[in-house]
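A.B. asks: Generate a structure from the sequence data that follows.
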Amino acid sequence: MPGVQKGAGAIRRGVIAIDGPAGAGKSTVAKRVADSLGFAYVDTGAMYRGITLLGMRTGIAPSDSGEKLTELVRSAELKFEAGSGGLRVYLNGEDVTRAIREPDVSRQVSYYARIPSVRQVLTLLQRELAVADGIVMEGRDIGTAVLPDAEHKFFVTATPLERAKRRLKELNQEGYRLDLDQLVREIEERDRIDSSRSVAPLCVAPDAVVIDTTDLTVDEVVAMIVAKVGNT
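C.D. replies: Numbers count the residues shown, from 1 in each chain. From the prediction side, this is the model:
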């Protein structure tokens with residue numbers, strides 16, 4: 001899986017980095033911001049979900065050698081296509097864009113995402129996808145590690161309970177039935193893992209604008225970001 005790293009000191013224009021914890025609404029917000037500005041949208045979480053699904057299907061656990069999983073990623077046909085509708089993920093020719101959103105993948109993704117060699121491979125690919133201006137990229141470490149020189153940085157968050165309620169609503173709409181308390185525990189565990197990993201942990205970039213979406217609508221958050229981008 002090829003990747004071209006851009007120079008860390010390059011000045012990026014028209015690149016928006018949106019980070020935040022699981023369930024904060026950043027994917028929905030990022031898509032809407034991209035649509036409003038006519039930018040491309042890249043969901044880096046979908047990439048880690050694709051690798052998680054690959055590991056689960058091939059029996060490679062996150063506790064196994066990271067290099068073993070990385071070699072599998074490099075040899076497998078794992079393809080990402082960025083477009084106005086979001087990022088589509090293909091595994092050995094199969095469109096797994098929906099499969100990577102299943103609850104079992106959600107429970108495991110943070111464990112796979114903390115493997116340093118996996119992050120190295122995907123960071124290079126993410127930088128390659130961001131080679132052109134006019135892009136909204138969201139994830140956990142975009143403004144701090146992937147594109148630290150992005151012109152616009154936002155950190156979107158919400159309380160664990162609110163994030164769990166949003167996730168439960170999505171899962172119910174997809175036909176899944178989960179317990180709210182269980183989802184709160186799972187989200188808090190993902191926060192713990194994402195924030196404590198040794199490479200590119202989830203944290204707020206010093207120059208990021210923090211937006212707590214707990215009591216805000218998607219429209220309000222999108223308007224705040226678009227206004228901020230337009231005024232700088």
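A.B. asks: Report the separation between residue 119 and residue 70.
C.D. replies: Separation of residue 119 from residue 70 (C-beta to C-beta, to the nearest Å) stands at 10 Å. Placement of C-beta: from N, CA and C, glycine included.
A.B. asks: scratch that, residue 178 is what I was asking about
C.D. replies: With the distance defined as C-beta to C-beta, residue 178 ends up 31 Å from residue 70.
A.B. asks: And residue 119 and residue 70? Which one has more around it.
C.D. replies: residue 119 (25 against 20; other C-beta atoms under 10 Å).
A.B. asks: burial count for residue 128?
C.D. replies: Neighbourhood size, residue 128 [other C-beta under 10 Å]: 15.
A.B. asks: quick one: it is in a helix?
C.D. replies: Yes: judged by DSSP: H, G, I helix; E, B strand; the rest coil, residue 128 forms part of a helix.
A.B. asks: all helices for this protein, in order.
C.D. replies: For the chain, helices defined by DSSP state H occupy the ranges 26-37, 44-58, 66-75, 103-113, 116-129, 160-173, 180-196, 218-230.
A.B. asks: any chance of those helices in CSV, plus mean pLDDT and distance to residue 154?
C.D. replies: Formatted as CSV, the helices of the chain follow (pLDDT from 0 to 100; distance: least, C-beta to C-beta, whole Å):
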stretch, mean pLDDT, distance to residue 154
helix 26-37, 93, 8
helix 44-58, 91, 15
helix 66-75, 80, 29
helix 103-113, 92, 20
helix 116-129, 88, 17
helix 160-173, 92, 17
helix 180-196, 95, 17
helix 218-230, 95, 6
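A.B. asks: quick one, which of these is nearest to residue 87?
C.D. replies: Distance to residue 87, taken as C-beta to C-beta, is lowest for helix 44-58 among the helices of the chain, at 4.6 Å.
A.B. asks: tell me which strands and helices that closest one is in contact with?
C.D. replies: Contacts defined by 3 or more C-beta pairs under 8 Å, 6 or more residues apart in numbering; DSSP states H and E place helix 44-58 against helix 66-75, strand 78-83, strand 86-91, helix 103-113, helix 116-129, strand 135-139.
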